[in-house]
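# Just a sequence and a predicted model for now, questions to come.
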Amino acid sequence: MKTPEARRLASLLATAVLLSSGSAALADFVPVPLPDPKIPGYHFPENEATILKWVADSSVTDPTASAAADNQIYLHGWGIWASLTAETDQTENGQKLRVFETWLTPQDITAASQAGKNESLLKLPRGSRPVLEEFRQLKHHKGKDPHLEAAGTATVLGFVKYDPTAADHIMKQGLLQKSVLDQLLSYGADEIPVFPVTGLALKPVFQVIKKSDLVDGRYYQLPVWPGPPSTPQQWGSTTWPASVWIDVKDGGSGKGEIDKAPKKDGSSRTDATTYPVSSLINFKLNPDQAGALKAKGAAEGDYAILVAMHVSGREITRWTWQTFWWTPTPANPLAPSSDAIAKARPVQIKAPAANYAMSIAYTTELPSPPYVGGDNKGNSIYAYNPWLEAGFGPSDLPDSIPGTYNGQPVQNNYGVQSNCMSCHGAANYNPNNVSTAPDYSGDRYISLGDPRFSGTLKVDFLWSLPGNAK
Ligand code: HEC
């Protein structure tokens, strides 16, 4: 899992990011705390007891169900999305920044702590939109899996971000410093100091639209998620047969139609399978970002479109997990989203944020197993993002164990059988390479007291901490 090469690569890349983000003029802008979207019935942070009751009462064992408790969970996920994607009054390149865009990356926090800026973290002047990086989750398994290899070398890129309260916690506790994590472990801690209930972590994923990829100088072919495969298999974006066309000149009348047999030269494109670039959350690459992606052929002013975003919050001990992806059919999104989820989307969410599907997991099985001492006998709950996890196969998910889905025995070792909470529940810092340390898996129960953590430091579900600690 943590080969020396992977570590060396990660640290080289992180250094490159720091160097390049220091090179251009830094915009003066500040991270915005999560605003209240004023959605009736939505409250943040919600009480842990309340959320646990929704989970206990939910009926997700029946995927078509939409009992009151399920709707509470869906509304909660959408409420967080509404706040994150709200526009602020800060701008870059003449475009308003959305709340999540103002938040801090691990690199921002490391740079601030190296510069001794503990007190002024929230006022730290910096380039607003960070350089896009290949994801560790994909990079990690590079060379093992052709789908992931493709995903890792394509222009699907992004970064990890923390809300101001989570960033503050990381900064004050030194959680991105290996020396601090080592010290905790050597003095007997089994877990980092846990995050405040307001803590949120994100992983936005962008597709960069290079000029050389455009047909007729304006149309970009974007693969569309076909829904889960009938038998579990690796189902990454390179295997999706259909596409839509994104017009960087903002034309197109697309309202759900897709191009089922797309031709690279654009001859299959119609106005109905074309969508304006403004129907997705997007921004234009600044000189720093373009510079960092030069080798991939990107240039300043190229669009980066938000295809997906992972969102996790510390309101409950095992965190809430929701993920979003752009869809041509926001009212009828395919699994792992559903019509019931779409129906729960409040009217306060406007396009382009309203053009995203949501998948959500507030537990790993139903009935929901307890924090400690549970088992894997319940019905599997799958929650994943087509752009990020669907390409995973058994070798990427080595700690998978068999489970049950709709009464049938299942292996739960493909990305399309994964659950955010299961894989993140395994997150640990393991400098001594303890061989039993929990690793990535598909959907499964994982106890907070799992003896396999012994000798490691649990990192409160956030893999990005050990992944980015310096
Ligand atoms: C196979 C394991 C795996 C699965 C499944 C998975 N993740 Fe992650 N996730 C990771 C790893 C590893 C990272 C660290 C990436 C980095 O450091 O760049 C990460 C990073 C993140 C982050 C950034 C903060 C952090 O430190 O964890 C969020 C938020 C996140 N994932 C949410 C989700 C959501 C939501 C889902 C389900 C829809 C999900 N993840 C499924 C492994 C996984």
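Cool, got the structure.
# where do the helices sit along the stretch 151-300 of the chain?
Counting by DSSP state H, counting those that start in this stretch, the segments of the stretch 151-300 of the chain that form helices are 164-173, 178-186, 287-292.
# got CSV for the ones you listed, with distance to T105, mean pLDDT and mean neighbour count too?
For glycine as for every other residue, the C-beta is placed from the backbone atoms N, C-alpha and C. Shown next, in CSV, are those (distance: least, C-beta to C-beta, whole Å; pLDDT from 0 to 100; neighbours: other C-beta atoms under 10 Å):
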stretch, distance to T105, mean pLDDT, mean neighbour count
helix 164-173, 9, 95, 21
helix 178-186, 18, 98, 15
helix 287-292, 13, 84, 20
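# Which one, of the ones you listed, ends up nearest to Q221?
Of all the helices of the stretch 151-300 of the chain, it is helix 287-292 that lies closest to Q221, at 21.5 Å by C-beta to C-beta.
# Check the offset of that closest one from the chain's centre.
22 Å (C-alpha atoms, centre = their mean, to the nearest Å).
# Kindly report the same for stretch 215-235.
That offset, for stretch 215-235, works out to 18 Å (C-alpha atoms, centre = their mean).
# got it, and stretch 86-94?
22 Å.
# pLDDT of that stretch, averaged?
The average pLDDT for stretch 86-94 rounds to 89.
# show me what contacts the residue positioned nearest the centre of the chain?
Nearest to the mean C-alpha position of the chain, counting by C-alpha atoms, centre = their mean, stands H310 at 2.4 Å. H310 sits next to L202, K203, P204, V205, W321, T323, N385, L388, C420 when contact means C-beta atoms under 8 Å, 6 or more residues apart in numbering.
# Would you agree V434 is in contact with L185?
No. If you go by C-beta atoms under 8 Å, V434 and L185 don't touch, sitting 10.4 Å apart.
# Show me whatever sits in contact with both of the two.
Contacts common to V434 and L185, judged by C-beta under 8 Å, 6+ apart, are T456.
# count of residues packed around E191?
15 (other C-beta atoms under 10 Å).
# What are the neighbouring residues in contact with C423?
Taking C-beta under 8 Å, 6+ apart as the criterion, C423 is in contact with L397, Y440, S441, G442.
# E257 and S279, how far apart?
13 Å (C-beta to C-beta, to the nearest Å).
# of these two, who's got more company?
Each of E257 and S279 has its neighbours counted (other C-beta under 10 Å); S279 has more, 22 against 16.
# what about the more buried one, distance to the ligand?
23 Å (C-beta to the nearest ligand atom, to the nearest Å).
# I figured that residue hits K350, correct?
No. Using C-beta under 8 Å as the test, S279 is too far from K350 to be in contact (11.7 Å).
# Just among the contacts of H310, which is most surrounded?
C420 (30 neighbours).
# If we ignore the residues flanking it in sequence, what's nearest that residue?
Distance criterion C-beta to C-beta, 6 or more residues apart in numbering; nearest residue to C420, sequence neighbours excluded, is W321 at 3.7 Å.
# Now for G374, how many residues are close by?
Burial of G374 is recorded as 18 neighbouring residues (other C-beta under 10 Å).
# picking up where we left off before, go back to the contacts of H310 and keep what's next to the ligand.
The residues of the contacts of H310 that also fall near the ligand, by C-beta under 6 Å from any ligand atom, are L202, K203, W321, T323, N385, C420.
# which residues does the last one contact?
In this case it means C420. Contact analysis of C420 by C-beta under 8 Å, 6+ apart lists H310, S312, W321, T323, A361, A383, Y384.
# What parts of the stretch 151-300 of the chain come near the ligand?
V160, A201, L202, K203.
# is the last one in a bridge, and if so with what?
Here K203 sits in beta bridges with H310, as judged by DSSP bridges.
# And it, what's its pLDDT?
Reported pLDDT for K203: 93.
# how long is stretch 250-267 from one end to the other?
19 Å (C-alpha to C-alpha, to the nearest Å).
# The residue in the chain sticking out farthest from the centre and the ligand, how far apart?
Going by C-alpha atoms, centre = their mean, the residue of the chain most distant from its centre is S267, 33.8 Å out. Here S267 is placed at a distance of 36 Å from the ligand (C-beta to the nearest ligand atom).
# Determine which two of the contacts of C420 are furthest apart.
Top of the distance list for these (C-beta to C-beta): S312 and Y384, 13.4 Å.
# So which of the two has more stuff around it?
Using other C-beta under 10 Å, the more surrounded residue of S312 and Y384 is Y384, with 27 against 23.
# contacting residues for V32?
Each residue near V32 by C-beta under 8 Å, 6+ apart is listed here: T88, Q90, V99, T102, W103, P164.
# Just among the residues you listed, which is most surrounded?
That'd be W103 among the contacts of V32, by other C-beta under 10 Å, with 27 neighbours.
# for the closest residue to that residue other than its chain neighbours, what are its contacts?
Nearest non-adjacent residue to W103, counting by C-beta to C-beta, 6+ apart: K161, 4.3 Å away. Residues in contact with K161, defined by C-beta under 8 Å, 6+ apart, are F100, W103, L104, T105, A201, L202, K203, P204.
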